[in-house]
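K.L.:
Fold the following.
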Amino acid sequence: MLTLPEWLKLVGLQGQNPFANKQADNEQDWLEECFVEHPAYNAMTSEANPHSSILHAARGAGKTTACTMFERLCREEASHRRALVVRLNEWIPLVDLLDKPMSLQVNGYLEALFGHVVAALPAICDAPWMSAPTDPSLRAYLAWFTRHYGGALTDDELARLTQSSHLFGSSPPPTDAAPHRLSHQPPLQQLKWLLRALRAAGVSTLYVLVDRVDEVAVTVAHPERGADLLLPLLGNLELLELEGLVVKCFIPTSMVAVLQARQQLRDDRIRCYDLTWADADGLPLLRRLLQNRLGHFSRGTVPSLAVLADSDLRDIDERVSRAANGSPRQLLIIGENLLLARAADATERDLLIRQHHLDLVLADGASPTQPTRAAAFDSAALSSAQSPPVALASEQEPPAPIAPIAPPAKPVASAVPLLTLGADGSVARGGTPIEGWQQLPSRQREVIRYLFSKPDVLCHYSELGRKVWHDAQVGDDTVRKVLARLITFLDKNSPNVVYIEKVIGGYYVLRHAVATPYIKSQLWAEGNDAAS
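P.N.:
Coordinates of the predicted model:
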């Protein structure tokens, strides 16, 4: 039998899973090659006159991807747009303002925005279309503003920005009483001066890209709280009508519905574009998204799933696209499940995707958005030689919206060097300590210690958050980064063995490892202490 990387390499996918990453942040290097321009995205980006607008969609429809691509577009067309682009996507500090009066909320949002503006200035300050404002008071204000809100820059970066960039010219900015007067003005008045100064320096538009408002604890399941977070921006007409300021929101449809029901969204001031993939026009776009990924990871040799499938499945690309039910993220999940199902019983003489693999993934006609673990990876159907699926932890967290599918556990061959964890924290492979274990950061040590307590058992990232970070709300990205570093550490000098396996749905499982009894007993004692 073949491992998934082996199968991927044999079929022309360079040993890489084209559906493994489902977050735009993890796809920066190749996002543009796989991106599919939705009509709503095109409508937002091709506006003759820049104005504030909303691109709204359901979860998993690609809002952050669209935001990232819009940001890239603005940078690529910088000489034409003459834009300064900042992203407003750090919401936890702003959650504390929710119960404050609206005026204080607006002030807090603008002060947060100002920090992002200064952090973005170094990227454009030496553009050929930039120049220092000729008005001394505007130059003085820009210098004061940059120093006052430049907490994200180092002293050297601030010095380079204010002393030698096009934005300020070669001579030091003049001093003036205006900045000192404005320092006591409300942030909205400071913003007006900022826009004047930027226009004088050559910046036509300050784009504020609003994203990830649904990814903090108070908004994940409560769109009305997300609407509350957006209100200081979208409900502030004076702000939206400022010349040179354009707010582009990439937000859930549910939050837009709340704002509209409350009559807090002025449709005549801010346009709404619907990023839906579920209509007749969306199906070919999803199919293109599927094929773009295959083409990228195969360097053009695998343009579609049909190339990898039996001759009876020439319509497999369309069938998989339909099964995604209008969700790009669900399309990637189905694609990954399909590759896992095929690789599970593949041999070097049998590589093509068959009908029964597709049936397993689509759960024999069950709802494609809720495949069952038993139907999707039935060990008898895949191969009588396979081991039974891994066990779920007794304290397993509720599954993610898409039920995770656990591939069958692969038999541990005697040739595979087993992992062990020593009482001193040393990690050994085949009895030999892995070089560099002493330098493992404490968080990685805690994660691997926890995984060693339950080898071959699925652990959801939220479980790791509770047990390792002691925070039930820790983000998936945080866990992924720590696990990615651990995977690199464990795979060092052993590239053909997967020790920490990622399973769709936010699960991880430690393979080829010997459980450490003292850790299991210690964790059991800790659990009893917590319970008591």
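
K.L.:
in its sheet, what does the biggest strand by length in the chain sit against?
P.N.:
What stands out as the longest strand in the chain, according to DSSP state E, is strand 245-252. Neighbouring strands of strand 245-252 in its sheet, by DSSP bridges, are strand 53-57 (parallel), strand 205-210 (parallel).

K.L.:
Average pLDDT for that strand, rounded please.
P.N.:
Computed over strand 245-252, the mean pLDDT rounds to 96.

K.L.:
TSV for the strands paired with strand 245-252, including mean neighbour count and mean pLDDT?
P.N.:
No exception for glycine: its C-beta is placed from N, CA and C like everyone else's. Output for these, formatted as TSV (neighbours: other CB atoms under 10 Å; pLDDT from 0 to 100):
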stretch	mean neighbour count	mean pLDDT
strand 53-57	23	95
strand 205-210	21	96
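
K.L.:
Out of those, flag the one nearest D424.
P.N.:
strand 205-210 (48.2 Å; CB to CB).

K.L.:
how many neighbours does P252 have?
P.N.:
Other residues within reach of P252, judged by other CB atoms under 10 Å, total 20.

K.L.:
Give me the residue ranges of the protein where confidence is low.
P.N.:
Within the chain, the set of residues satisfying pLDDT under 70 comprises 170-182, 364-415, 471-475, 493, 495-496, 504-505, 515-532.

K.L.:
Could you point out the helix or strand that follows the lengthiest helix in it?
P.N.:
Of all the segments of type helix in the chain, defined by DSSP state H, the longest one is helix 102-120. Proceeding N to C from helix 102-120, the next assigned helix or strand is helix 136-148, under DSSP states H and E.

K.L.:
got the domain boundaries for this protein?
P.N.:
4-22+280-386, 39-274, 419-531 (automatic domain parsing).

K.L.:
possible to save those as CSV with distance to Q28?
P.N.:
Supplementary listing: the domains of the chain in CSV, determined by distance: least, CB to CB, whole Å:
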stretch, distance to Q28
domain 4-22+280-386, 10
domain 39-274, 8
domain 419-531, 13
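
K.L.:
which stretch among these comes nearest E32?
P.N.:
Taking CB to CB as the criterion, domain 39-274 is the member of the domains of the chain that comes nearest to E32, at 6.8 Å.

K.L.:
Span of that closest one from start to end?
P.N.:
This stretch, domain 39-274, spans 9 Å end to end (CA to CA, to the nearest Å).

K.L.:
I'd like the distance from it to the chain centre, please.
P.N.:
Chain-centre distance of domain 39-274: 21 Å, with CA atoms, centre = their mean, to the nearest Å.

K.L.:
quick one: S183 and Y149 touch, right?
P.N.:
No. Look at S183 against Y149 with CB atoms under 8 Å: they stay out of range, at 10.9 Å.

K.L.:
which one of the two has more residues nearby?
P.N.:
In this view S183 and Y149 are compared by other CB under 10 Å, and Y149 has more residues nearby, 20 against 12.

K.L.:
Would you mind measuring from that one to L313?
P.N.:
Applying CB to CB, to the nearest Å, one obtains 57 Å for the distance of Y149 from L313.

K.L.:
What helix or strand is the closest residue to A324 other than its chain neighbours located in?
P.N.:
Of all residues beyond its chain neighbours, the one nearest A324 is L331 (3.7 Å), with distances taken as CB to CB, 6 or more residues apart in numbering. Using DSSP H and E, L331 sits within helix 328-344.

K.L.:
what number of residues lie near the closest residue to P232 other than its chain neighbours?
P.N.:
Distances taken as CB to CB, 6+ apart put Q105 closest to P232, at 4.3 Å, once the chain neighbours are dropped. Burial of Q105 is recorded as 20 neighbouring residues (other CB under 10 Å).

K.L.:
doesn't L191 make contact with V106?
P.N.:
No. Under the contact definition of CB under 8 Å, V106 does not touch L191, with a separation of 10.0 Å.

K.L.:
which residues do the two both contact?
P.N.:
A shared contact of V106 and L191, defined by CB atoms under 8 Å, 6 or more residues apart in numbering, is any residue touching both; here these are L239.

K.L.:
which residues sit against stretch 465-482?
P.N.:
Contacts of stretch 465-482 with the rest of the structure, by CB under 8 Å, 6+ apart, involve 23, 25-26, 215, 217, 443-444, 446-447, 450, 461-462, 464, 506, 508.

K.L.:
Could you identify the buried members of those?
P.N.:
The neighbour-count test (16 or more other CB atoms under 10 Å) marks 215, 443-444, 446-447, 450, 461-462, 464, 506, 508 as buried among the contacts of stretch 465-482.

K.L.:
Now intersect those residues with the helices, please.
P.N.:
Counted as lying in helices by DSSP H, out of those, are 443-444, 446-447, 450, 461-462, 464.

K.L.:
Pick out the most distant pair among those.
P.N.:
Using CB to CB, the pair of those lying farthest apart is Q444 and S462, separated by 18.6 Å.

K.L.:
after the helix holding L331, next one along is what?
P.N.:
On the C-terminal side of helix 328-344, the nearest following helix or strand under DSSP H and E is helix 355-361.

K.L.:
What is that following helix packed up against?
P.N.:
Using 3 or more CB pairs under 8 Å, 6 or more residues apart in numbering; DSSP states H and E, the elements in contact with helix 355-361 are helix 316-323, helix 328-344, helix 373-376, helix 379-382.

K.L.:
Can I get those in a markdown table including mean neighbour count and distance to P303?
P.N.:
Written out in a markdown table, the entries for these read as follows (neighbours: other CB atoms under 10 Å; distance: least, CB to CB, whole Å):
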| stretch | mean neighbour count | distance to P303 |
| --- | --- | --- |
| helix 316-323 | 20 | 10 |
| helix 328-344 | 24 | 14 |
| helix 373-376 | 17 | 26 |
| helix 379-382 | 16 | 27 |
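
K.L.:
right, so of those, which gets closest to A200?
P.N.:
With distances scored as CB to CB, the stretch of these nearest to A200 is helix 328-344 (42.1 Å).

K.L.:
Give me the helices and strands touching that closest one, please.
P.N.:
With contacts defined as 3+ CB pairs under 8 Å, 6+ apart, helix 328-344 has these neighbours: helix 4-10, helix 282-297, helix 316-323, helix 355-361.

K.L.:
End to end on stretch 193-211, go ahead and measure it.
P.N.:
Its first and final residues considered, stretch 193-211 spans 26 Å by CA to CA.

K.L.:
ditto for stretch 54-71
P.N.:
The first and final residues of stretch 54-71 sit 15 Å from each other (CA to CA).

K.L.:
let's have the chain start at 103 instead
P.N.:
That works, and once the first residue is 103, the last one we named lands at stretch 156-173.

K.L.:
Pull out the buried residues from it.
P.N.:
156-160, 162-173.

K.L.:
And stretch 367-381, by the same measure?
P.N.:
If you call a residue buried by 16+ other CB under 10 Å, then stretch 367-381 has these buried ones: 367, 372, 374-379.
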